[in-house]
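S.K.: any chance you can model this:
(4 chains)
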Amino acid sequence: MLTLPELGLYFSFLLFLVGLAGVMFRKNILFMMLSVEILLNAANLAFVCASKLTGTMDGQVVMFFVMAVAACEAAIGLALIIALYRTKASIEADDLKALRG
Amino acid sequence: MVSMISQWILSLLIFFPLLGAVLIGLVKDNQTARHLAVAVSVLELIFSLHLVAHFNADSAAMQFAQDLAWLPRGTGIRYTVGVDGISLLLVMLTTVLCPLVFVSSYSSIESNVKSFLALFLILESAMIGALVSLDLVLFYVFWEAMLIPMYFIIGVWGGKDRIYATTKFFIYTVIGSLLMLVAFSYLYYLHYQQNGVFTTSIIELYKTAAGLPADTQLWLFTATAVAFAIKVPLFPFHTWLPDAHVQAPTPGSVILAGVLLKMGTYGLMRMSIPMFPEGAHRAAPVMLALSVIGIVYGALIAWRQTDIKKLVAYSSVSHLGFVVAGLFAFNELGYTGALYQMVNHGVSTGALFLLIGVVYERRHTREMSEYGGLAKQMPWYAFFFLVATMGSVALPGTGGFIGEWLILNGVFQTYPAMATVAGTGVILGAIYMLWLVLKVIWGPLKNEENKKLLDCSPREAFVLATLSIFVFLTGFLSAPLLAHTEPTMKRLQESVVNKAAYKTELVIHGRSQEPLKVMMDH
Amino acid sequence: MNYQAMLAAILLIPLLGALLNGFLLRSAPRVVTVSVATLAIFIPFIFSCLLFFGPVNAGEVVRTDLFNWISVPFQGGHLDIPFALTVDRLSAILLLIITGVGSLIHLYAGEYMSHEEGVYRFFAYLNLFVFSMLSLVLGANMVVTFLGWEGVGVCSYLLIGYWYSDEANARAGMKAFIANRVGDLGFLLAMFMSVKLFGTVDYSKIAAALTNELAANNAPMITAIGLCLLLGVTGKSAQLPLYIWLPDAMAGPTPVSALIHAATMVTSGIYLMTRMSFLLVHSHTAMTTIAVIGACTALFAATIGLVQNDIKKVLAYSTVSQLGFMVLGCGVGAFQFGVAHLMTHAFFKALLFLGAGSVIHAMHHEQDIRKMGGLIKKMPITGWTFVIGTLAIIGFPGLSGFFSKDEILYNAWTGPFGHPLLWALGAGAAACTSFYMVRLTYLVFFGESRVEHAHGHHGHGHDHHHHHEIHENPLAMTLPLMILALLSIVGGYVSMPHAIMHTLGVHANENIITEWLSPVLASAKEVMSAGHGEEGHGSASLEWGLMGASTLVMLIMSGFALSLYKVGPKGGDSIANAVGGLYRLILDKWRIDELYQGVIIEPLKKVGDAFFKFGDRALIEGIINEGPRGIYLVTSVLSDVQSGLVRNYLKVVFIAMVALCAWILI
Amino acid sequence: MNLSLLSFIVMGITAVLLSGVMITRRWPVSAAMVLIAIMTLLAGMFGLLEAHFAAAAQIIVYAGAIMVVFVFVIMLLNLPPEELRYGGVTVGEMILIAVSVFVAVGLGTKVGQGFLTTGLESMGVAQGESVAGGHHMYFPASENVKNVAASMFVDYLWAFELISFLIMAAVIGAVVIAKKRSAEHADAA
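M.R.: Take a look at the predicted model:
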């Protein structure tokens, strides 16, 4: 018999796949960040399901922390986008290759 | 009130310099920042006096302990700190050296003053943390935290080849740390396998580790000992030291020689030997041989250097060879001597690096041939130089003598031949140090540029005089100082000789008890 | 004031003097500096006299524990080393010599150094030296003795290099310190062995613990202790093979040579051997080695002394040679005569050095005896006291050297560890001594004056205001000479030979020094007499015979020297030319320094260089640097994967995730 | 099949589909709007999982606060619509997609067989037991907020405090990064 949390974990996997595709195939940093939000939401879903599965509150607490981290990420990331747009007049991810080894 | 202070004193000592670092960030003016750093470190020194005042010298337990929850319960990782006879002297050495270093940095550091001071305070905090932590993870965190400020101190304020030196320093140390981490993780896992709970408490792991089979012990011992040997540095892991010392700014060299190197020997004394007594026994001949080779090797190389700082750096290799040899003599004479020699080496070599800094600031060279005859122009400088030299060559009446005497005596009781070879290091030590004195202090004042050198400023004289006093104080007041370490040394000897677990316990504001298992269950 | 406090005061007052002069009185007038320094030795001298004639004379041993110095748990018990001082009959003699001769030399030095600037440094070092020397002889255990042992070494280092602006002086100081350090290692090892064997380093406790059984069961260890102590002695007392530092040490101011390198520091080895006599006598090997080393040194150094032209160098080699006599005395079991010779030597050699200093002072630092001559007319007090010193050292009958030296020579033949061969070596050394001392004295004080001539060439006009008129020095310099001359005459009667005593009708079993030191040497005597059934195989006739022989040799050699050098310093040239190669070899001090330099120092330097170049730079650094190069090759391939595009990094994450899920499925 | 399970499945499928829709939008604003919808759906799923606090927080913090910031920035930048693809899909990418679809289907089948539950049980984690060991208690759904609070402010107090620092640092950092450099402007002018 399928239970809710198990199904939720599966959905979270699918959501994660789609989000990852978004980050991989979009070159606009804004879209990438939106996709990252999906990734984080998928993770949150997994945490809540795990909390339900194990019967503890740990998962939910961690989900809350993830949410806080997501907020930070959004704040810093968007600030970076603004700063980037100001200096390069572009938010194309492919323009940023400083990490090339 | 006192028990309240005693309970929190170690945490205060760890985090107070961090607070100081934050405050320095808020200050605008460089000069104010310097004063502030000195004030913070002096306050730290005053706080640390509480340890001496209230330390129970009859006990080998971990005193002033604090045991708090830190990471989630199931991991077994806790915030556990405490001080015993081994760490007490080293904590005091750290808190004494730091103010002196800050005072000396008034003239040696000119650029990015605030960042330097903040990094240095962070370093102090990490050093004290590493010395007092009784939890492997906590120890590891502080151990790595020491690395980062030092990396920047050498890399930003260092000499010409600073990047090379600091990278080398970093890579060497990190490789060692990783080995140590692997060993600790395996031990952590073994403890779980045997007892069904996770713990990183050093006190608990003493029991587990001592019961392991000899082979396992040998492996774990080797992994940890290599990590510490790199930090010491023991021959043949020493090549990072001359580079780091030569490139580091004066305060960096002082604290590197004074405290950071002692972390290696401290680690051997706190972790490797008592945790894996059986392994230590098996590895002892190798460790002794390496340290004796290091003594002679370092001394001979030191003799042939023309760069003053390099000479002193290689002398550190030689001196720390003595310390390691003392540790592996496996008797109280050796341990006590090693511990005492750590302190003395910190004082006398610290003084030597400060002295080098004094002339380097004036002449911007470290070549011996550029100097000569400074005694004529700088009589006080010559005086301090001689005192530091005498401390370094272990003249009776200086602390170095007590340390080296105890070490050689201890080694002699178990390995007479090794002690005899190591004893030649005493002769070679005199040769290279007096050679240095001959070339820098004595002789005719030939170089025109040296003829207008100024003698030590009052500030420099203050720092050097303080260290000189310590050189002699440790030489005569060794009995009361060593009394603090005696029970710990006895306990260590019991554990090593019987190859049994090192037994100790936490003393939390006055009462002795097992480490707290459950504190915050609702 | 009780005796314990007095004992502590004896040690601490010189230290106080050193600190006062070194720190507080740096800019004080010269007279203050000198008075403080001299008083800091003279007050302890008074205390020493009180002790000497009080409790020590009564046979007591005064002991005081100042503080607990080192205290370490050890083998279930405790190794406690207090900073303890003790004075018995042996150390009392040395106390008197150190403080007494020391006071005289301080007084003398005040005048001698009158042309120097910043003498506070000199007197601070000198007082510090006396402090170290006192802790050497007063120490109740080996570690306190070692404090003094190394302390005198470092003070000697500082004083030899006092005129540091000349690098040669500083180098001589360094050489002294390092040669001493080699010996110190021996002392250290002896300490460690006694900790291992007895669990203590306290002399009295070792003596109590050392039973005949223990000694018999641990014979190799006892021998090893003895040989290690001997190594220490060769360093400090300038014996073969470590004597090389002492002649160079003459670079220091002459009062230093008198105090340190004649009267006190170099004799500490004899003190140590006498102190440890109860242990040494258990090892036949060690004693024989000591005796052989002493005898060889005595002869060897004396041969070098024959041809030296520097007034202080001659005295230096003479000191080495005389120290050889003392070590020989100890080695054959006649410790009391070693000490007696130590004392008489302290008197006459201090006198000779101070006399030499007086000459050098008057001649404005000229030390070459070929440029002296006929000085006795200009400096009568210096001259005649010097003659007394010479007579004493060559063993002119009736003077101090005669008694102490002849007792040693007699014992070298007949003593418990004696051998006629040892006597022969000693007698040869004594013959050489007679020759070079008479040569020295004659060339400096008698004959034609060669002074004006030499200085005439030097005066380039700018020197005109300097009066080269040589005249006697003031009382502060001559008074010590006179006192020491007196002591050189009478000092030897403490060790009057039996034969003479009997002839003179003195009714005593033993001479004064033997009687005085009998408590200290009792256990050693016991062991020696047990080892050698018949007590002394000597006789009065043998004693007379040996005495006569050495006096005869002395007279012949002195006469030979006088006849040779009557014509001036070139008198010896005919012999020198006859044995040209040998002469040059001896003039170059047998080239021992060069030997050490070539065999030990230079190879060690090369090893150091090799360690640095091949060990550190090539081998260790090579491994360290090449290892990462291999890693670098791998990483340079891998780094192409790092495109810098976030997208590509994420693909890796994606692949990993899919692989993880696939792994779970399978 | 009860109602809650049915609605959960519907919500989940919708969310996945919507996310597919989201990543293919050309206009950032529409993508953000779709994302808000996804988050709302997720909140509903949280509710069904009896994580009421999480559901509320999801709506308030995510859909409310974070997404508003996104929309603000999008409007601030006023970007033009974007071309969807930057080039052809490579062979490697196609293989990747194929494999991932395969894996996803496989995983779905396994989940349908109760794989996760048995997996957890085999790891020794039963209902009502914390992996980290310690508690053995049952949390009634009606007290969800209380339970979360009990856990968060006792076990995770340190982490909670640290997170608050992190947020503060992020706020300050965002201001510093996005601030117009007055010096630069002065230079430019």
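S.K.: any bit of the lengthiest helix in chain A sitting next to chain D?
M.R.: Ranked by residue count and defined by DSSP state H, the top helix of chain A is helix A:58-88. Yes: interface with chain D: helix A:58-88 contributes A:58, A:60-61, A:63-65, A:67-76, A:78-83, A:85-86 (C-beta under 8 Å from any C-beta of the partner chain). Placement of C-beta: from N, CA and C, glycine included.
S.K.: elements contacting the helix or strand where D:A159 lies?
M.R.: Assigned by DSSP states H and E, D:A159 falls within helix D:157-178. Where contact means 3 or more C-beta pairs under 8 Å, 6 or more residues apart in numbering or on different chains; DSSP states H and E, helix D:157-178 is packed against helix A:58-88.
S.K.: so where's the chain uncertain?
M.R.: Because you didn't say which chain, this covers chain A. A:1-2, A:97-101 (pLDDT under 70).
S.K.: not what I meant, chain D
M.R.: Checking chain D against pLDDT under 70 turns up D:1, D:82-89, D:112, D:114-142, D:180-189.
S.K.: residue closest to the middle of it?
M.R.: D:M39 (7.5 Å; C-alpha atoms, centre = their mean).
S.K.: now the helix holding D:A159 against helix A:58-88, angle please.
M.R.: 10 degrees (axes from the mean of the first three to the mean of the last three C-alpha atoms, to 10 degrees).
S.K.: quick one: distance of helix D:157-178 to the chain centre.
M.R.: 20 Å (C-alpha atoms, centre = their mean, to the nearest Å).
S.K.: could I get it in PDB with only the CA atoms?
M.R.: Output of helix D:157-178 as PDB, limited to C-alpha atoms (Å, rounded to 0.1, in the frame of the first residue of the first chain):
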ATOM      1  CA  LEU D 157      18.900  25.800  19.500                       C
ATOM      2  CA  TRP D 158      22.500  26.400  18.500                       C
ATOM      3  CA  ALA D 159      21.700  25.700  14.800                       C
ATOM      4  CA  PHE D 160      18.700  28.000  15.100                       C
ATOM      5  CA  GLU D 161      20.800  30.800  16.500                       C
ATOM      6  CA  LEU D 162      23.500  30.300  13.900                       C
ATOM      7  CA  ILE D 163      20.900  30.500  11.200                       C
ATOM      8  CA  SER D 164      19.700  33.800  12.500                       C
ATOM      9  CA  PHE D 165      23.200  35.100  12.200                       C
ATOM     10  CA  LEU D 166      23.400  33.700   8.700                       C
ATOM     11  CA  ILE D 167      20.300  35.600   7.700                       C
ATOM     12  CA  MET D 168      21.600  38.800   9.200                       C
ATOM     13  CA  ALA D 169      24.900  38.300   7.400                       C
ATOM     14  CA  ALA D 170      23.000  37.700   4.200                       C
ATOM     15  CA  VAL D 171      20.900  40.800   4.600                       C
ATOM     16  CA  ILE D 172      24.000  43.000   5.200                       C
ATOM     17  CA  GLY D 173      25.900  41.200   2.400                       C
ATOM     18  CA  ALA D 174      23.000  41.700   0.000                       C
ATOM     19  CA  VAL D 175      22.900  45.400   0.800                       C
ATOM     20  CA  VAL D 176      26.700  45.800   0.400                       C
ATOM     21  CA  ILE D 177      26.800  43.900  -2.900                       C
ATOM     22  CA  ALA D 178      23.900  45.600  -4.500                       C
END
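S.K.: OK, contacts around the one residue sitting closest to the centre of chain B?
M.R.: The centroid of chain B falls nearest to B:K262 when counting by C-alpha atoms, centre = their mean (2.4 Å). When contacts are counted by C-beta atoms under 8 Å, 6 or more residues apart in numbering or on different chains, B:K262 touches B:90, B:93, B:342, B:345-346.
S.K.: most neighbours, which of those?
M.R.: Using other C-beta atoms under 10 Å in any protein chain shown as the neighbour test, the contacts of B:K262 are led by B:H345, with 29 neighbours.
S.K.: helices of the stretch 351-500 of chain B, residue ranges please.
M.R.: Taking DSSP state H, counting those that start in this stretch, the helices of the stretch 351-500 of chain B run over residues B:374-377, B:379-392, B:399-414, B:416-440, B:458-476, B:478-483, B:486-498.
S.K.: correction: the previous question concerned chain D.
M.R.: Secondary structure of chain D (DSSP H): helices at D:3-22, D:28-48, D:52-57, D:67-77, D:91-112, D:115-122, D:144-150, D:157-178, D:182-188.
S.K.: is chain C contacted by the first one?
M.R.: No: remark: helix D:3-22 sits outside contact range of chain C, by C-beta under 8 Å from any C-beta, the gap being at least 15.5 Å.
S.K.: if you count neighbours, what's buried in that helix?
M.R.: Across helix D:3-22, burial judged by 16 or more other C-beta atoms under 10 Å in any protein chain shown covers D:8-9, D:11-12, D:15-16, D:18-22.
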